[in-house]
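K.L.:
Provided below are the primary sequence and the corresponding predicted coordinates.
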Amino acid sequence: MKIGFIGTGNMGSGMAANLLKAGHALTVHDLRKAATDGLVRAGATWAESPMEVARQSDIVLTSLPGPPEVKEVALGAKGILAGAKRGNFFIDMSTNSPGTVQLIAAVAREKGVAVFDAPVTGGVTGAAAGTLTIMVGGDENLFGTVAPLLDVMGKKVVHVGDVGAGNSVKLIHQMLGAVTNQVIAEAFVLGAKAGLDLKKLFEVLANSMSASPILTEKYPRAALKRNFDPGFAIDLAYKDQVLLFEMAKELGVPLSFASLVLQKFMEARARGLGARDTTAVILPLEEMLGVTVKL
Ligand code: NAD
């Protein structure tokens, strides 16, 4: 099958590279052409627009920042649906709003194009290693057709319900991830202020009931090394929290801890940290308390 990939940024570049390695014919597009250079060198074909990608593909995948970009790339004048043929598939792997992907799916259905939302977790290292967890919403009867492709990019691929359900699961996951990210920053600043040996603190926490991959894998290669290159940018994490609150508001569910984290992301963005990694939420805390956390 011929595959198209649009949005080859931090996540998409690794995911697309794994599709190439698995032997798939791949057509790529990104707003920043340079973001596709490595893939083109590895054998992918560049296309000028999402419409061109779709014309040359049976299945088109996207990994884009969020709802406005996915809408434009899917439904725009030179978008995927302008080039897709009956029987094609479109799988959006961005973190998107359930409503946006459902709207796109309804338009696509008229054209005979099946839409799945398949957001991911596992970060840039998981994207590069092909070990993502992928939560998939869409027609269960057609899931078997796209599952082998998703298996190339993920170690755990779960069909979670109809189209949109993938993003509902993902936004709940983002709530846990963002709260965990914030509380780890506070834990290390508290440890520094208490004069603890931070290596020892890390060793204990990493082997405790409160350990998580954000603590054991993400922090050590990011904030704890003073490396704040994204990774996962605060701007994208903020976008996810806004989408989470749209969902929670619609359902009337209060989210106390996520409300605080939303404010922390807003504060970080106001301080000019939006393009930095999510672990950079530690920087305002360090400044306030006059400590530096480094292992
Ligand atoms: P990124 O900003 O690195 O990549 C997005 C890419 O989309 C960029 O290369 C950008 O040029 C391109 N793009 C933007 N608008 C476009 C358009 N209209 N047409 C074509 N290309 C366009 O972001 P990322 O970190 O790779 O994240 C991608 C998606 O995956 C986001 O929805 C994010 O929330 C989600 N996600 C990210 C991570 C992570 O750790 N980075 C983890 C899980 C999920």
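P.N.:
That came through fine.

K.L.:
switch to C-alpha atoms for all contacts and neighbour counts from now on
P.N.:
Noted.

K.L.:
contacting residues around Ile282?
P.N.:
Gln182, Ala185, Glu186, Val189, Ala223 (C-alpha atoms under 8 Å, 6 or more residues apart in numbering).

K.L.:
oh, that last question was meant for Pro230, not what I typed.
P.N.:
Pro230 touches Asn10, Ala275, Arg276, Asp277, Thr278, counting by C-alpha under 8 Å, 6+ apart.

K.L.:
export the residues you listed to JSON lines and tack on pLDDT, distance to Lys21 and secondary structure?
P.N.:
Below are the contacts of Pro230 laid out as JSON lines (pLDDT from 0 to 100; distance: C-alpha to C-alpha, whole Å; DSSP: H, G, I helix; E, B strand; the rest coil):
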{"residue": "Asn10", "pLDDT": "96", "distance to Lys21": "18", "secondary structure": "coil"}
{"residue": "Ala275", "pLDDT": "98", "distance to Lys21": "30", "secondary structure": "coil"}
{"residue": "Arg276", "pLDDT": "98", "distance to Lys21": "30", "secondary structure": "coil"}
{"residue": "Asp277", "pLDDT": "98", "distance to Lys21": "28", "secondary structure": "strand"}
{"residue": "Thr278", "pLDDT": "98", "distance to Lys21": "30", "secondary structure": "helix"}
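
K.L.:
show me which residues of the stretch 151-295 of the chain are close to the ligand?
P.N.:
Gly231, Phe232, Leu236 (C-alpha under 6 Å from any ligand atom).

K.L.:
return the member of the contacts of Pro230 nearest to Asp240.
P.N.:
Thr278 (12.0 Å; C-alpha to C-alpha).

K.L.:
most neighbours, which of the contacts of Pro230?
P.N.:
Counting neighbours by other C-alpha atoms under 10 Å, Thr278 comes out on top of the contacts of Pro230 with 29 neighbours.

K.L.:
quickly note the distance from it to Asp229.
P.N.:
9 Å (C-alpha to C-alpha, to the nearest Å).

K.L.:
neighbours of Asp240, how many?
P.N.:
Using other C-alpha under 10 Å as the criterion, the residues surrounding Asp240 number 24.
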